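Student: Mind folding the following:
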Amino acid sequence: MTAADASTPPLTWEEAGDWLETAKYYWVVTSRSDGRPHARAVWGVWLEPRFHFTTSPETVMARNIAATGHATVHPESAVDVVIIEGSVRRTEGQAFAEAGHAYETKYGTKVDPNDPGMPFHSLEAETAVGWKAQDPRGSAMRWTFGR
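Tutor: This is a model prediction of the structure:
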């Protein structure tokens with residue numbers, strides 16, 4: 001059976017959310033001031049509608065986020081694909097506590113809220129696309145999130 005013959009149902013948000021929750025590694029993509037893309041692998045946690053991750057303020061990624069306020073993230077899989085685009089800001093307060101707990105549970109590493117060297121950032125989902133590799137056309141979906 002070829003991809004054109006496949007009868008894969010459209011990807012559901014529940015499936016996409018599961019992929020976001022269970023992945024161990026993610027790619028965060030930002031834009032440099034001259035428009036060139038910048039991609040880095042990170043650990044992170046998905047707590048809908050936000051993806052939480054750490055990065056040092058000294059990194060290219062952090063400087064790009066500070067300049068544009070936007071990024072894209074997707075789990076490492078190229079088979080089960082979900083790509084989130086959104087705005088990024090520092091994670092603080094209750095959101096930090098929840099993300100920190102989820103991060104520690106997932107990776108066994110605690111994020112210190114007083115460590116200025118690796119602050120949490122939150123990418124708030126604005127749009128998402130996703131598909132299954134066995135039938136990208138039949139399973140492809142796009143979602144838009146309210147602010």
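Student: List the buried residues in the helix ranked longest in the chain.
Tutor: Using DSSP state H, we find that the single longest helix of the chain is helix 93-107. Neighbour counts over helix 93-107 (16 or more other CB atoms under 10 Å) mark 95-96, 99-100, 102-103, 106 as buried. Backbone N, C-alpha and C define where each C-beta goes, glycine included.
Student: Now tabulate those in JSON lines and tack on distance to Val73 and pLDDT.
Tutor: As requested, the buried residues of helix 93-107 are exported to JSON lines (distance: CB to CB, whole Å; pLDDT from 0 to 100):
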{"residue": "Ala95", "distance to Val73": "16", "pLDDT": "92"}
{"residue": "Phe96", "distance to Val73": "18", "pLDDT": "92"}
{"residue": "Ala99", "distance to Val73": "14", "pLDDT": "94"}
{"residue": "Gly100", "distance to Val73": "18", "pLDDT": "94"}
{"residue": "Ala102", "distance to Val73": "15", "pLDDT": "96"}
{"residue": "Tyr103", "distance to Val73": "15", "pLDDT": "96"}
{"residue": "Lys106", "distance to Val73": "15", "pLDDT": "97"}
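Student: Which stretches in the protein count as helices?
Tutor: Assigned helices in the chain, in chain order: 13-22, 60-68, 93-107, 136-139 (criterion: DSSP H).
Student: which residues sit in contact with Thr30?
Tutor: The contact partners of Thr30, by CB atoms under 8 Å, 6 or more residues apart in numbering, come to 37-38, 60-61, 64-65, 68, 70-72.
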